[in-house]
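**Student:** I'd like to go over a predicted model; first the sequence, then the structure.
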Amino acid sequence: ASTLGAAAAQSGRYFGTAIAAGRLGDSAYTTIAGREFTMVTPENEMKIDATEPQQGQFNFSAGDQVYNWAVQHGMRVRGHTLAWHSQQPGWMQSLSGSALRQAMINHINGVMAHYKGKLAYWDVVNEAFADDGSGGRRDSNLQRTGNDWIEVAFRTARAADPSVKLCYNDYNIENWNAAKTQGVYNMVKDFKSRGVPIDCVGFQSHFNSGDPYNSNFRTTLQNFAALGVDVAITELDIQGASATTYANVTNDCLAVSRCVGMTVWGVRDSDSWRSGDTPLLFDGNGNKKAAYTSVLNAL
Ligand code: XIL
């Protein structure tokens, strides 16, 4: 195969990218994206601040722009994200308690109704676990509404659109030995045992020198899959874009039958949220980097 999407399809997987609505007018960008990828995650356009800027007033213009571009190019879409401590609009940041809990439920219902039947996956809850080595929850206004906020989000989401796969998504849960990984694993295990609806876990995979790739990532993917959920690499970027590390990550996904696909967090290095790390598969001029060839050959 000569593109990432076609190569991934050989094993029934997708290969995706984050797409920013603001770049859809850049033909160099859309040429690469349209050619290489088969799944799209809107980089910011379906987040809470974008979709409900004022309480109860939904705005899907940017989200729809990305969605329509993806569908016009034969791609599927991963919704990102319904409940998160970050990129909340001001009105939500200032809510707490039962008012915030109800606002979260209303938000999930409002956004999911608009995209009902249209998306492949939703990141229902993003980044809810702490980085402090405790394996516990991150402190946030949502967490302070009660520990059951995550399962309430998932139950609300399932009722709102039974057709879309519901995912938990987080970073620094790739290393099996990390307390954060164990915390998320135990939550998913608990959800499965109690019938809380969860279909998939997304591993963001933002690797850098402080949080490097570890070869036990494959073990992590296998162990989560064994709980009965699909797994996916959802926001891959690697500081310096080592071709070897990109191949290792690709091979880890391919080794796990329930690893359904992988998504890189942007097209060219110049499109990256951390462009100084040159972490992607295409350079700023749109040229394929060594990491691109390495991934293509691994797929
Ligand atoms: C980032 C976007 O890439 C930036 O454009 C934005 O300013 C901040 O968010 N984890 C996530 C993504 O789940 O939504 C984040 O995306 C990167 C980290």
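**Tutor:** Done, it's in.
**Student:** how near is residue 72 to the ligand?
**Tutor:** Taken as Cβ to the nearest ligand atom, to the nearest Å, the spacing of residue 72 relative to the ligand amounts to 23 Å. Any C-beta I mention is one placed from the backbone N, CA and C, and that applies to glycine too.
**Student:** Local confidence estimate at that residue?
**Tutor:** What the model reports for residue 72 is a pLDDT of 98.
**Student:** Can you report phi and psi for the residue of the stretch 51-200 of the chain found nearest the ligand?
**Tutor:** The minimum distance from the stretch 51-200 of the chain to the ligand, using Cβ to the nearest ligand atom, falls at residue 126 (5.1 Å). Backbone dihedrals for residue 126, given as degrees, to the nearest 10, come out at phi -120, psi 130.
**Student:** before we move on, what about residue 200?
**Tutor:** With angles defined as degrees, to the nearest 10, residue 200 shows backbone torsions of phi -160, psi 160.
**Student:** That one: how many residues sit nearby?
**Tutor:** Around residue 200 sit 24 other residues, with neighbours defined as other Cβ atoms under 10 Å.
**Student:** from now on call the first residue 46
**Tutor:** Sure, I'll start numbering at 46, so the last one becomes residue 245.
**Student:** Who is it paired with across the strands?
**Tutor:** Note on residue 245: beta-bridge partners residue 212, residue 275, judged by DSSP bridges.
**Student:** looking at it, residue 194 is touching residue 128, isn't it?
**Tutor:** Yes: applying Cβ atoms under 8 Å as the test, residue 194 and residue 128 come out as touching, 7.4 Å apart.
**Student:** Need the residues touching each of the two.
**Tutor:** Counting by Cβ atoms under 8 Å, 6 or more residues apart in numbering, the residues touching both residue 194 and residue 128 are 149, 187.
**Student:** out of these two, which sits in the more crowded spot?
**Tutor:** In terms of neighbours (other Cβ under 10 Å), residue 128 is the more surrounded of residue 194 and residue 128; the figures are 25 against 22.
**Student:** What's the per-residue pLDDT of that one here?
**Tutor:** Residue 128 carries a pLDDT value of 99.
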